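*Asks:* just need the structure, nothing else, for what follows:
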Amino acid sequence: MRSVIGSIGRTLVGLCMATAALAAAPVEPIRPDDYLTDTRAKAMHGEIGPDGTRLAAAVERDAVRRIEVVDLKQPSAARPITSGAGIDDFPTWAPDGQSVVFQSTRGATTKLYRVAVSGGPEVPLTFGSGDDLHPRLSRSGRFLAFDSNRSGNYDIWVLELASGKLARVTTDPEPDFYPVWSPNDRALAFTSARSGRFEVWIQPLGRGRQAVRFTSGSGHQAHPDWSTGGWIAYDSDQNGKVRVAALATAQGSQEVSLSGGATNEEFPRFTPDGRAVLAQVTEGERVGLKLRPCPFGPGTVVAPVSPTSVPGTGPATGAVIAEG
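*Replies:* Next comes the predicted model:
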């Protein structure tokens, strides 16, 4: 009997030591070619939360697209936070990390909704005619930017969440879409075809301020994101291949490529610390999300001067952007 008890005791001690070793083992770092989401499903339009530990994305499983939240330490433990009818897409985090705003086709038109990350009701934020797309919350959390065709043309709009006041920001006859806030919430970058092809433009907020073209060169540039350090990332379509690049908002800066070797990489979103971008990567039939390191780091490069110049005629040259 003593030998049996001793054997059980040694086994328990061994299990405890093994468990302790596993608990003490460091979490494997995320490598640039690691998918951050379940590769059995299509994960799109992702954004990493404010604390850098969670990811929200539109995930398509069995032809049903929902917003899911992924713990970056346990990517296999994704959980859906939306459940209504329709297609849910383009999540954006609230600054406190407690909720997500997204677009959904669950009604007659596409509208914007908010849902708590912990679960709960999906609260509508926009109403009326037309489709409301591509929501982005301001860094303060007070305002929601989006594009809408409620006026008959796709323009950029801003909603003050507390009051419900709605303001139209752009009025160009060409479509403007996919807005993103500047580091201090005083300007919006967006995609527009007003130059004859898709490019990134900057609209300083304020009465009488004019939009400034930010990107130039061949191909199409779209879907911008703006880091706290003053860089704007976007996807660039060159000869049928889409890659992710970034350009500083300082005058005379040169474009930096952030893409790996995948066929297409698009919809970049900076990590909260600005040291990497999250990109949607398409490799054959697989669509998922990967991190791409930023060689320039999080340093601030924004030039607070008047937006009186446009990019030069080189491959890609930064415009002077006003943020004051």
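*Asks:* for residue 106, which non-adjacent residue is spatially closest?
*Replies:* Spatial nearest neighbour of residue 106, chain neighbours left out: residue 86 (3.3 Å); criterion: Cβ to Cβ, 6 or more residues apart in numbering. No exception for glycine: its C-beta is placed from N, CA and C like everyone else's.
*Asks:* distance of that neighbour relative to residue 123?
*Replies:* Relative to residue 123, residue 86 is positioned 15 Å away (criterion: Cβ to Cβ, to the nearest Å).
*Asks:* the two: which has the busier surroundings?
*Replies:* residue 86 (16 against 12; other Cβ atoms under 10 Å).
*Asks:* how many residues are close by residue 66?
*Replies:* Neighbours of residue 66 (other Cβ under 10 Å): 22.
*Asks:* I'd guessed it sits against residue 85; true?
*Replies:* No. Taking contacts as Cβ atoms under 8 Å, residue 66 lies outside contact range of residue 85: 10.9 Å.
*Asks:* quick revisit: show me what contacts the residue nearest to residue 106?
*Replies:* Going by Cβ atoms under 8 Å, 6 or more residues apart in numbering, residue 86 touches 104, 105, 106, 107.
*Asks:* just the buried subset of those, please.
*Replies:* Buried subset of those (neighbour count, 16 or more other Cβ atoms under 10 Å): 104, 105, 106.
*Asks:* okay, who's weakest in these by pLDDT?
*Replies:* Taken together, the buried ones among the contacts of residue 86 show their lowest pLDDT at residue 106, with 92.
*Asks:* who touches that one in this structure?
*Replies:* So residue 106 contacts 84, 85, 86, 88 (Cβ under 8 Å, 6+ apart).
*Asks:* ok, the residues you listed vs residue 218, which is closest?
*Replies:* Using Cβ to Cβ, residue 88 comes nearest to residue 218 of the contacts of residue 106, at 35.0 Å.
*Asks:* dihedrals phi and psi, that closest one?
*Replies:* phi -100, psi 140 (degrees, to the nearest 10).
*Asks:* what do you get for residue 280?
*Replies:* phi -80, psi 120.
*Asks:* does it really touch residue 44, like I thought?
*Replies:* Yes. The pair residue 280 / residue 44 is scored as a contact, 5.5 Å apart, by Cβ under 8 Å.
*Asks:* quick check: bridge partners of residue 242?
*Replies:* As for beta bridges, residue 242 partners with residue 237 under DSSP bridges.
*Asks:* got a markdown table for the buried ones among the contacts of residue 86, with distance to residue 256 and secondary structure too?
*Replies:* Listed next are the buried ones among the contacts of residue 86 as a markdown table, based on distance: Cβ to Cβ, whole Å; DSSP: H, G, I helix; E, B strand; the rest coil:
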| residue | distance to residue 256 | secondary structure |
| --- | --- | --- |
| 104 | 35 | strand |
| 105 | 36 | coil |
| 106 | 39 | coil |
